[in-house]
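Peer 1: Sequence first, then the predicted structure:
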Amino acid sequence: MFRLEKMELAQLSAVLAIESVTHPLGCAWNRVAFLSELSAEWSRCFVLKDLASGEIFGYITARFFESEGQITNLSVAAERRGKRLGQVLLHHILELSVIEQLSVISLEVRESNSPALALYSRYHFDALGRRLNYYSDNRETALILQNQQNVKVRSLALGEEERRLGINFGLSFERVSREVKLVSRAEL
C-alpha cells in the first residue's frame, strides 16, 4: 500500500536517487533545486511512499501562482513504472489545482517522451507551443502543454484504479470515499 504525502526534507535523498536515474546528466535537479522548492510558499511537493517499507517511489513538484500553476517535475522510480503511479501523482496535483481554484496549469515535456505525452493527453493537456533546443543534454525540443480546467467539482465514488493501486491519501483534505473530477468547459 502506498501513501501520498507532502515531501519532507528527510525524504530528499530518496527523491534525489530517483531524480538522478530518471533524468539525464545536466538535466536532473540537484539538492539546491529541491530545497528551493520545499521552502517556497508557492510550491507544492508530494511523494508516493510505500507504507510497509517507507521507501519513496515517486514525486511531483508544482508551483501555484494566483490563478495559474506549473508542474515542474514528475518522476517515478524505474522499477515502479507502468503501474500508473505517475497518473496518481498528476491526478493529485490537478485535484489541488481545482481546490485552490487555478484556471490553468502547464508543464514542459520532451517531445520524445511518449509515456508522459500519453498521460498528459488523458488529462486533457493540449500543446501550447514548443521550446527549441530546451534540454541541455541533447538539445531536444520541449513541448509546452496546458490544461485549462474548470473549477467545478463533483463528488464521485473513489476510483477503482486508486483502490487497486492501494493508494492512501494521507493529506489534510483526505479523500475517504470521494474524488474530485475535473470537468471540461464543454460539460458546463
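Peer 2: On my side now, so go ahead.

Peer 1: Grab the longest helix from the chain for me.
Peer 2: Secondary structure of the chain per DSSP state H: the longest helix is helix 85-99.

Peer 1: Show me the strands in this structure, by range?
Peer 2: 2-6, 43-50, 56-65, 68-76, 104-110, 126-131, 142-148, 155-156, 167-169, 179-180 (DSSP state E).

Peer 1: So in the chain, where's the weakest helix or strand by average pLDDT?
Peer 2: The least trusted helix or strand in the chain, going by mean pLDDT, DSSP states H and E, turns out to be strand 155-156, with a mean of 30.

Peer 1: Report the separation between the residue nearest to residue 120 when sequence neighbours are not counted and residue 46.
Peer 2: Sequence neighbours aside, residue 145 is the residue nearest to residue 120 in space, at 5.4 Å (criterion: C-beta to C-beta, 6 or more residues apart in numbering). No exception for glycine: its C-beta is placed from N, CA and C like everyone else's. Residue 145 is 20 Å from residue 46, where distance means C-beta to C-beta, to the nearest Å.

Peer 1: ok, back up a step: which strands and helices sit next to the longest helix of the chain?
Peer 2: strand 2-6, strand 43-50, strand 56-65, strand 68-76, strand 104-110, helix 114-122, helix 160-165, strand 179-180 (3 or more C-beta pairs under 8 Å, 6 or more residues apart in numbering; DSSP states H and E).

Peer 1: one more time with 6 Å, if that's ok
Peer 2: strand 56-65, strand 68-76 (3 or more C-beta pairs under 6 Å, 6 or more residues apart in numbering; DSSP states H and E).

Peer 1: Can I get that helix as PDB, trimmed to CA atoms?
Peer 2: Extracted C-alpha coordinates of helix 85-99, given in PDB (Å, rounded to 0.1, in the frame of the first residue of the first chain):
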ATOM      1  CA  LEU A  85       1.800   5.900 -10.200                       C
ATOM      2  CA  GLY A  86       2.600   8.900 -12.400                       C
ATOM      3  CA  GLN A  87      -1.100   9.100 -13.000                       C
ATOM      4  CA  VAL A  88      -1.800   9.200  -9.300                       C
ATOM      5  CA  LEU A  89       0.700  12.000  -8.800                       C
ATOM      6  CA  LEU A  90      -0.700  14.000 -11.700                       C
ATOM      7  CA  HIS A  91      -4.300  13.500 -10.600                       C
ATOM      8  CA  HIS A  92      -3.500  14.700  -7.200                       C
ATOM      9  CA  ILE A  93      -1.900  18.000  -8.400                       C
ATOM     10  CA  LEU A  94      -4.900  18.600 -10.700                       C
ATOM     11  CA  GLU A  95      -7.200  18.000  -7.700                       C
ATOM     12  CA  LEU A  96      -5.200  20.500  -5.700                       C
ATOM     13  CA  SER A  97      -5.400  23.000  -8.600                       C
ATOM     14  CA  VAL A  98      -9.200  22.700  -8.600                       C
ATOM     15  CA  ILE A  99      -9.400  23.100  -4.800                       C
END
